[in-house]
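Got a predicted model here, sequence first, then my questions.
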Amino acid sequence: MKTTAAIIIVLLILLGFNSFYTVGEGQHVLLLQFGKILRTERQPGLHAKLPLLQQALTLDDRILSFDAAPQRYATADKQSINVSYYVKWRIADAADYYRATGGDELQAGQRLGPIVSNALRNVVSEHGMDRLVAAGQDDIASGTLQLANTETRKTLGVSVVDVRVTSIEFPDDVKTAVYKRMQTERQQQAAAIRAEGKQQAESIKAETQAQAQVIRATAESDADKVRGAGDAQAAQIYAQAYAQDPDFFAFYRSLQAYRKSFGDGRGTIILKPDSEFLRYFGNPAVAPARR
């Protein structure tokens with residue numbers, strides 16, 4: 001009796017545990033009964049179910065990724081290239097995802113890979129080699145993402161979040177052309193930057209010269225005003241001095257003329273004895289009397 005009771009108690013405990021399931025953050029949980037989906041639960045927390053008859057299948061709602069092995073693709077002009085890429089994806093519809101893959105992440109990746117690869121093949125086949133080189137990896141990845149998403153949502157219940165091309169291997173002859181083209185583009189960019197810098201330098205130089213001319217013109221104008229004011233003041237002083245004593249002023253001006261003419265001691269001037277210039281060298285009585 002005790003053994004039977006213990007077994008019953010254990011079974012009741014197991015049934016009790018089997019009557020609940022937990023939904024964690026970043027999870028989808030499908031409630032199944034005999035393989036049929038009853039409901040999808042995403043609300044975190046503890047939820048109830050019928051023990052034994054119903055099963056809870058937990059699916060990862062986070063962004064998942066896989067790296068694709070390098071594959072060969074043909075361009076519009078029949079050139080072959082090798083492309084490596086990786087894909088980021090997540091479950092968009094848990095019910096469709098379960099019906100397509102049985103909830104197996106590995107199987108989902110195996111089915112997702114060919115879809116993305118076919119989308120990439122279609123994008124590459126629409127580009128010639130020159131356009132492919134010019135378009136760059138981002139444009140190729142963007143077109144692939146759009147095509148792949150349409151198919152994966154419909155057939156797998158999966159959303160492709162991102163496709164990134166990690167490398168593109170060109171044929172040897174194309175590599176040389178690509179490198180030359182890249183070199184030419186960089187040289188053109190460098191020339192454009194140098195030309196822009198030279199233009200800016202010329203503009204700054206011209207502006208500086210214009211400012212310098214304005215400053216010089218202003219300074220010269222101010223100097224002319226100061227000189228004019230000084231000359232006017234000097235003329236006024238001379239006039240006042242002359243008005244006070246014209247004879248003395250004439251004598252003083254004559255002395256200045258003598259100093260300028262004979263100051264170095266080497267000058268020679270030939271004049272008549274009665275020259276007005278020598279009037280102060282003669283008899284002082286002959287010179288005009290000072291008033």
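Received the coordinates, thanks.

name the element the residue nearest to Gly157 when sequence neighbours are not counted belongs to?
Take Gly157 and drop its neighbours on the chain: the residue closest to it by C-beta to C-beta, 6 or more residues apart in numbering is Asp96, 2.9 Å away. Any C-beta I mention is one placed from the backbone N, CA and C, and that applies to glycine too. Asp96 belongs to helix 94-101 when assigned by DSSP states H and E.

Go ahead and report the secondary structure state at Arg72.
Under DSSP: H, G, I helix; E, B strand; the rest coil, Arg72 falls in the strand class.

Next, the buried residues of stretch 161-173.
Across stretch 161-173, burial judged by 16 or more other C-beta atoms under 10 Å covers Val163, Arg164, Val165, Ile168, Phe170.

who touches the second one in this structure?
With contacts defined as C-beta atoms under 8 Å, 6 or more residues apart in numbering, Arg164 is in contact with Tyr85, Tyr86, Lys88, Gln137, Ala141.

Kindly report the same for the first one.
With contacts defined as C-beta under 8 Å, 6+ apart, the neighbours of Val163 are Tyr85, Tyr86, Val87, Lys88, Val116, Leu120, Ala141, Thr144, Leu145, Ala148.

hang on, it in a strand?
Yes - looking at Val163 with three-state DSSP, it is inside a strand.

Can you tell me how far it is from Ser84?
According to C-beta to C-beta, to the nearest Å, Val163 stands 12 Å off from Ser84.

Mutual contacts of those two, please.
By C-beta under 8 Å, 6+ apart, no residue touches both Val163 and Ser84.

so where does Ile81 fall, helix or strand?
Ile81 is part of strand 80-91, with elements assigned from DSSP H and E.

Please write out the alpha-carbon positions of that strand in PDB.
Provided in PDB are the C-alpha atoms of strand 80-91 (Å, rounded to 0.1, in the frame of the first residue of the first chain):
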ATOM      1  CA  SER A  80      32.100  34.100 -63.300                       C
ATOM      2  CA  ILE A  81      32.600  35.500 -59.800                       C
ATOM      3  CA  ASN A  82      32.800  33.900 -56.300                       C
ATOM      4  CA  VAL A  83      30.600  35.500 -53.700                       C
ATOM      5  CA  SER A  84      30.700  34.900 -49.900                       C
ATOM      6  CA  TYR A  85      27.900  36.200 -47.700                       C
ATOM      7  CA  TYR A  86      26.100  35.700 -44.400                       C
ATOM      8  CA  VAL A  87      22.400  36.000 -43.500                       C
ATOM      9  CA  LYS A  88      20.600  37.200 -40.400                       C
ATOM     10  CA  TRP A  89      17.000  35.900 -40.000                       C
ATOM     11  CA  ARG A  90      14.300  35.500 -37.400                       C
ATOM     12  CA  ILE A  91      10.900  33.700 -37.100                       C
END
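
Poorly predicted segments of the stretch 51-200 of the chain, please.
Within the stretch 51-200 of the chain, the segments meeting pLDDT under 70 span 52, 54, 133-136, 171, 173-175, 177-179.
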